[in-house]
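*Asks:* Predicted structure and sequence below. I'll ask about it afterward.
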Amino acid sequence: MPTLKIFIFLLFYITPFLSIAQTNRDTIVTLKNQTKRAFYKAPNGKIYPVKFIADSNEPFSTESAQCGEDEFSGTDRAKAKTSFVRGVPFKSFASIAALAASLTKDSEMKAKLKRTSPRIAEEKKNVRLRNNIFLYAMKKEGDNDYHVIIGDNAVKSKATFFNVEISGVPQTGTAANKTAIQTIRDFFEDNFVELCGSKYAVFSAKPIPIAIEGSMFFDVDHSAGTVGPNGFRPKTAWEIHPVSKITFK
């Protein structure tokens with residue numbers, strides 16, 4: 001009998017308080033202060049803890065749930081950054097490590113490229129990563145591209161990291177290319193609108209499973225190991241840039 005009374009007490013008195021505590025936690029849609037714990041609800045309905053890691057001296061603000069300008073405002077290798085490789089079939093890779101192993105060495109690419117170079121032969125590849133790919137971090141950059149850090153293992157210590165970028169919309173070029181860039185950008189921002197800011201939004205405790213595809217690009221602006229929050233930086237300046245498709249799994 002005492003056991004039954006204890007069970008009834010827990011059911012009617014403790015459970016409501018647990019429910020209240022659960023609903024009082026900040027979620028991305030009600031985020032007020034980046035110092036509080038935040039949670040992101042993905043399209044698959046799952047909840048992912050988020051923390052924010054500084055990447056610059058700019059203050060982080062969530063006053064507006066707007067991601068701001070869409071137009072690409074960079075200059076270096078602008079045409080290559082804002083256009084897809086056309087007429088080349090997509091090649092699937094089992095992991096980021098496998099993709100990285102297939103690419104020309106960073107030292108060789110640096111010797112071949114300038115800040116004004118168009119996309120060269122080594123970059124004219126379309127790739128696809130479908131299995132065991134996780135979104136670890138994201139941040140909007142000053143040129144209006146999004147840096148998105150992905151890894152090929154849900155355990156951070158076992159993952160190989162890679163930078164993929166949602167490009168800003170080019171001001172020149174074909175209407176079809178502009179539309180394609182805008183479409184993937186709109187999809188990304190629709191899902192992560194409240195994470196726009198000057199700090200990386202990081203899903204280190206529980207990275208988000210995704211599939212991703214796009215065109216290869218070597219970034220002469222960033223050396224290996226400099227892109228991304230500390231602890232999540234890829235060991236190469238190769239990128240998937242621009243991304244053409246993201247799928248939540």
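*Replies:* Looks like it arrived, so ask away.
*Asks:* any idea which element the residue most central in space within the chain lies in?
*Replies:* Nearest residue to the geometric centre of the chain (C-alpha atoms, centre = their mean): Val148, 2.5 Å. Secondary structure from DSSP states H and E places Val148 in strand 146-151.
*Asks:* what packs against that strand?
*Replies:* strand 126-140, strand 161-166 (3 or more C-beta pairs under 8 Å, 6 or more residues apart in numbering; DSSP states H and E). No exception for glycine: its C-beta is placed from N, CA and C like everyone else's.
*Asks:* Any chance of those in a markdown table with mean pLDDT as columns?
*Replies:* Formatted as a markdown table, the helices and strands packed on strand 146-151 follow (pLDDT from 0 to 100):
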| stretch | mean pLDDT |
| --- | --- |
| strand 126-140 | 96 |
| strand 161-166 | 98 |
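*Asks:* quick one, which of these is nearest to Ser198?
*Replies:* Nearest to Ser198 among these is strand 126-140; the distance by C-beta to C-beta comes to 7.6 Å.
*Asks:* can you dump the C-alpha coordinates of that closest one into PDB?
*Replies:* Backbone C-alpha positions of strand 126-140 (Å, rounded to 0.1, in the frame of the first residue of the first chain) are rendered in PDB as follows:
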ATOM      1  CA  ASN A 126      30.200  16.800 -58.600                       C
ATOM      2  CA  VAL A 127      30.000  14.700 -55.500                       C
ATOM      3  CA  ARG A 128      27.500  13.100 -53.200                       C
ATOM      4  CA  LEU A 129      27.700  12.100 -49.600                       C
ATOM      5  CA  ARG A 130      24.700  10.000 -48.400                       C
ATOM      6  CA  ASN A 131      25.600   7.700 -45.500                       C
ATOM      7  CA  ASN A 132      26.900   8.600 -42.000                       C
ATOM      8  CA  ILE A 133      27.100  12.300 -42.700                       C
ATOM      9  CA  PHE A 134      26.400  14.700 -40.000                       C
ATOM     10  CA  LEU A 135      26.000  18.500 -39.700                       C
ATOM     11  CA  TYR A 136      28.200  19.800 -36.900                       C
ATOM     12  CA  ALA A 137      28.300  23.500 -37.200                       C
ATOM     13  CA  MET A 138      27.100  26.500 -39.300                       C
ATOM     14  CA  LYS A 139      27.700  30.200 -39.600                       C
ATOM     15  CA  LYS A 140      26.900  33.000 -42.100                       C
END
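*Asks:* Fine, thanks again, bye for now.
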